[in-house]
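A.B. asks: Give the three-dimensional model of this entry:
(chains A and B)
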Amino acid sequence: MSKRKAAFYSMTIPALLLFFTFHTFPTLQGIFYSFTNWDGYSDGYDFVGFKNFKALFTDENVLNAYLFTFKYAIVVTVLINVISLLIALGLNSKIKFRNFFRGVYFLPNVLGVLIVGYIFNYIFANAIPTIGEALGSETLAINILGSEKWAWVGIVIVAVWQGIAFNTILYLAGLQTIPRDLYEASDIDGAGKWETFRSITFPMLASFFTINMVLAMKNSLMVFDQIVALTGGGPGRATQSIAMLIYQGGFQGGEFAYQSANAVIYFIVIVIISVVQLNFLQKREMDA
Amino acid sequence: MKKKKMISIVLVSALFAMALAGCGGKKDAADDGKIKLEFFQNKTEAKASFDELVKKFNDANPNITVTQVNPPDAETVLKTRVAKKDVPDIIGIGATDTYAQLAKSGVFADFSDSGLTGNIQPAYLNMMNKLTGSEKVNGIPFTANASGVIYNKKMFEELGLSIPKTWDELIATAQKVKDAGKTPFYLTIKDSWTTLVPFNSLSTEIMGIDFYGERAEGKTKFDSPEFREVAEKQLKLMDFAEKDMYGKGYNDGNAAFAKGEAAMYLQGVWAIPEILKANPDASVGVFPFPGTNDAGRNKVISGVDTLLTVSKNTKHPEEAKKFIEFLLKSENVQTFIDQQKAFSAVKGVNQSDASVQGFNEAFESGAIEDFSDHYIPSAVKADTIIQGFMQKKDIDAYVKQFDTEWDKVAARK
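C.D. replies: Modelled structure (predicted):
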């Protein structure tokens, strides 16, 4: 074995082992438990076959969690991508204090999700209602996180506020890969701002768009921390995401095996969505 | 040569991975020869009080160091740690469904012959046996709590109100407060668990605590006139709450009540220290929640607030027991209940604080009953169901949801 290869193996194998120990092995364990009736703390359990999976498909709470999560994920993915692309375009143009603004826009990504969540919780519960009261607005005077109908909007606001930071950075990186001469050419052809964006900037950003869409979608399908900090899944089950349901049912409710089955299905769903999304978007990249 | 190299690489990486995996969990690399014990407890309100007692114990026992651990959402943390087989040495939690489940699955030591129960009020020991359905003693009751209605004494005086003894009187009192332009009840529906406080009173007083045992055996259903009465009264209370009741949580409620923003607060005595922290001059009193028009049926809801127990697998059972013995000493119980406005489960220790005198009569006459939600399996998530009901206000759907969730959870066992 050449020295070169040895170096590669000595890097790959530890990583592989770590990955297996902390990722693959727990996953297999989870799949194993999904066929049992283990509550998460008893010494013994029985095998129940596909009983947990069958029960999942008739459980209204599971359906409700999936609906909420998809609604949330689609809205957040679209908003994050639109807004971060706009910000990136702004930050890429020749403006004063460009680096300062780049730093400021990246800041939310550095803060912990829970901290951000608790701060916004305070804003929604106290600051906005106080302002609403002063303005005499009925709708602003109440905490939207307490409303079954609108609580999800509060979570979307926080998630988007924090999520755009990272995607903006990726778009900015993407914008810098576009050769200047393309713009010069479009300038000579007399193309307008919109035309330039539509025909040059956006197509050239296609691969970054794909990555950003997939990442944002995956992250928002796994939404958890924001909900813990903002609503705890309430009111009722109005903002209970799938991850939240797995945690609450599995650990708080002592239905470890049942929620393991839910996690297995959820895992499959996320894999399917990511693959489909990648395929679709990459095809679009080719066309562009 | 090649093969050897490969093997050594694999071995080294395996060792590396094992060393990493070994990092978690181990905490007592005691170099000073002291025995280290972890004391895990679930009451955030009681953190400072326990710190004081733990310090006193550590000072008196130079060879033992007890460390208090008090994470948020402690019951869930405890369950996950039990799943990892990493049970804390000493545990202080409430006698809830979590405790019952863990006790049933044999996580805790058996104290039947420990000699620790002699001085404990038998009523609370019975309550715990009823909860676990076993004669074993898996935990020692330390303190009890009580819930009902906390009221603003000063506001009651100003408005010339007296303590309501029946449901009709309660509503009449609330109406008078409302007519005076003030908020009768401060509800904190954003934190779903707080909705359990009036629910427990109403359900226990109207249906009786045995309802849940009968429901588990399939003899009765939530879809009954009695439970509908509970639901209607839950809705009635909301007519007298502040405007943004859905958007306020427990901490908001404590602060608002301390500032005198409401006449009555449907909470347990555990909220009183928090209220007094927010405003030391708040004039606070308590009275039993009158859920029915038959004053004899209206009770104080009281359960074991903190019980002390030890992991079956702790390495230092003797020292752990010593710590529990220490906490159960009259003077230490007294310190704790004085600070927490709780009631003692240890005989001969009494709560004399003025703010909770309103419950004394009930305690003396035995008009107390356990929390009904302790008998609802936690997977049913009663608090979530109630919180959802308070938004939709649909009694038929509510009653049905309780029944279907209960059956679903039972079927998954």
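A.B. asks: any weak-confidence spans in the chain?
C.D. replies: The chain I'm using is chain A. Residue ranges of chain A with pLDDT under 70: A:1, A:286-288.
A.B. asks: I was after chain B.
C.D. replies: The model of chain B has pLDDT under 70 over residues B:1-32.
A.B. asks: the strands in it, which residues?
C.D. replies: In order along the chain, chain B carries the following strands (DSSP state E): B:35-41, B:64-69, B:90-93, B:140-147, B:149-152, B:183-185, B:262-265, B:284-287, B:300-310, B:343-344, B:368-369.
A.B. asks: What is the last one packed up against?
C.D. replies: Taking 3 or more CB pairs under 8 Å, 6 or more residues apart in numbering or on different chains; DSSP states H and E as the contact definition, the neighbouring helices and strands of strand B:368-369 are strand B:300-310. Any C-beta I mention is one placed from the backbone N, CA and C, and that applies to glycine too.
A.B. asks: Isn't B:Glu325 up against B:Gly115?
C.D. replies: No. Using CB atoms under 8 Å, B:Glu325 makes no contact with B:Gly115, being 9.0 Å away.
A.B. asks: Find the nearest non-adjacent residue to the residue of the stretch 1-150 of chain A found nearest chain B, please.
C.D. replies: Going by CB to the nearest CB, chain B is nearest to A:Asn143 of the stretch 1-150 of chain A, at 2.4 Å. Leaving aside its sequence neighbours, A:Asn143 sits nearest to B:Gly247 (CB to CB, 6 or more residues apart in numbering or on different chains; 2.4 Å).
A.B. asks: neighbours of the one you found, just the number please.
C.D. replies: 25 (other CB atoms under 10 Å in any protein chain shown).
A.B. asks: contacting residues for it?
C.D. replies: Taking CB atoms under 8 Å, 6 or more residues apart in numbering or on different chains, we find B:Gly247 in contact with A:124-125, A:129, A:142-147, B:190.
A.B. asks: same check, this time on B:Leu125
C.D. replies: B:Leu125 sits next to B:117, B:137, B:141 when contact means CB under 8 Å, 6+ apart.
A.B. asks: Can you pull the phi/psi pair for the first one?
C.D. replies: Reported as degrees, to the nearest 10, the phi and psi values for B:Thr117 are phi -90, psi -10.
A.B. asks: Could you double-check that it lies in contact with B:Asp110?
C.D. replies: No. B:Thr117 is beyond contact range of B:Asp110, at 11.3 Å (criterion: CB under 8 Å).
A.B. asks: Just the buried subset of the contacts of B:Leu125, written out for PyMOL, thanks.
C.D. replies: Typed into PyMOL, the line below selects the buried ones among the contacts of B:Leu125, using 16 or more other CB atoms under 10 Å in any protein chain shown:
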select buried, chain B and resi 137+141
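A.B. asks: Now flag whichever of the contacts of B:Leu125 is closest to B:Asp97.
C.D. replies: B:Pro141 (16.5 Å; CB to CB).
A.B. asks: distance of that closest one from chain A?
C.D. replies: 22 Å (CB to the nearest CB, to the nearest Å).
A.B. asks: List the beta-bridge partners for that residue.
C.D. replies: B:Leu307 (DSSP bridges).
A.B. asks: pretty sure it is touching B:Gly303, no?
C.D. replies: No. The criterion here is CB under 8 Å, and B:Pro141 misses it with B:Gly303 at 9.4 Å.
A.B. asks: what's the overlap in contacts for these two?
C.D. replies: Joint contacts of B:Pro141 and B:Gly303 (CB under 8 Å, 6+ apart) are B:95, B:127.
A.B. asks: quick revisit: neighbour-wise, which of B:Glu325 and B:Gly115 wins?
C.D. replies: The residue with more neighbours, out of B:Glu325 and B:Gly115, is B:Glu325; 15 against 10, by other CB under 10 Å.
A.B. asks: so who does the closest residue to the more buried one other than its chain neighbours touch?
C.D. replies: In space, and not counting its chain neighbours, B:Glu325 is closest to B:Leu116: 6.7 Å by CB to CB, 6+ apart. Contact analysis of B:Leu116 by CB under 8 Å, 6+ apart lists B:140, B:321, B:324-325, B:328.
A.B. asks: quick check, nearest of those residues to A:Phe53?
C.D. replies: Using CB to CB, the contacts of B:Leu116 come closest to A:Phe53 at B:Ile140, 42.0 Å.
A.B. asks: quick revisit: I'd like the list of the contacts of B:Gly247 that fall within strands, please.
C.D. replies: Here DSSP E is the test, and the contacts of B:Gly247 give no hits in strands at all.
A.B. asks: Using ChimeraX, define a selection of the buried residues within the residues you listed.
C.D. replies: Selection of buried members from the contacts of B:Gly247 for ChimeraX, criterion 16+ other CB under 10 Å:
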select /A:124,125,129,142,143,144,145,146,147 /B:190
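A.B. asks: about what we covered before: quick one: the residue nearest to B:Glu325 and B:Lys413, what's the gap?
C.D. replies: Distance, B:Leu116 to B:Lys413, by CB to CB, to the nearest Å: 33 Å.
A.B. asks: cool, A:Pro129 as well?
C.D. replies: Applying CB to CB to A:Pro129 and B:Lys413 gives a distance of 44 Å.
A.B. asks: what residues does the stretch 151-288 of chain A put near chain B?
C.D. replies: A:231-238, A:247-249, A:251-256, A:258 (CB under 8 Å from any CB of the partner chain).
A.B. asks: Restricted to helices, list these.
C.D. replies: Secondary structure defined by DSSP state H assigns A:247, A:256, A:258 of those to helices.
A.B. asks: show me the contacts for the first one.
C.D. replies: Applying CB under 8 Å, 6+ apart to A:Tyr247 gives the contacts A:224, A:259, B:76.
A.B. asks: Equivalent analysis for the last one, please.
C.D. replies: A:Tyr258 makes contacts with A:37, A:52, A:55-56, A:249-250, B:412, as judged by CB under 8 Å, 6+ apart.
A.B. asks: which non-adjacent residue is nearest residue 98?
C.D. replies: Let's take chain A. A:Leu91 (6.4 Å).
A.B. asks: look at chain B instead
C.D. replies: B:Thr98 sits nearest to B:Glu75 (CB to CB, 6+ apart), 4.6 Å away.
A.B. asks: wait, doesn't that neighbour sit right on A:Gln252?
C.D. replies: Yes. Contact criterion CB under 8 Å: B:Glu75 and A:Gln252 qualify, at 7.1 Å.
A.B. asks: ends of stretch B:337-348, how far apart?
C.D. replies: 13 Å (CA to CA, to the nearest Å).
A.B. asks: What residues of it count as buried?
C.D. replies: Here stretch B:337-348 shows B:337, B:339-346 as buried, counting by 16+ other CB under 10 Å.
A.B. asks: cool, stretch B:196-214 as well?
C.D. replies: Buried residues in stretch B:196-214 (16+ other CB under 10 Å): B:196-207, B:209, B:211-212.
A.B. asks: Can you tell me how far B:Tyr250 is from chain A?
C.D. replies: Relative to chain A, and taking CB to the nearest CB, B:Tyr250 is found at 11 Å.
A.B. asks: and A:Ala15, how many residues sit next to it?
C.D. replies: 11.
A.B. asks: Please apply the same query to A:Asn61.
C.D. replies: 18.
A.B. asks: dump the residue contacts of it.
C.D. replies: Counted by CB under 8 Å, 6+ apart, A:Asn61 has contacts A:237, A:240, A:245, A:249.
A.B. asks: Just give the nearest non-adjacent residue to the last one, would you?
C.D. replies: Counting by CB to CB, 6+ apart, the nearest residue to A:Gly249 once its immediate chain neighbours are dropped is A:Gln259, at 4.6 Å.
A.B. asks: show me the residues around that neighbour that make contact.
C.D. replies: A:245-247, A:249-250, A:253.
A.B. asks: ok, so of the residues you listed, who is nearest chain B?
C.D. replies: Nearest to chain B among the contacts of A:Gln259 is A:Gly253, at 3.4 Å by CB to the nearest CB.
A.B. asks: nearest to B:Gly291, of the contacts of A:Tyr258?
C.D. replies: Closest to B:Gly291, out of all of these and judged by CB to CB, is A:Gly249, at 30.6 Å.
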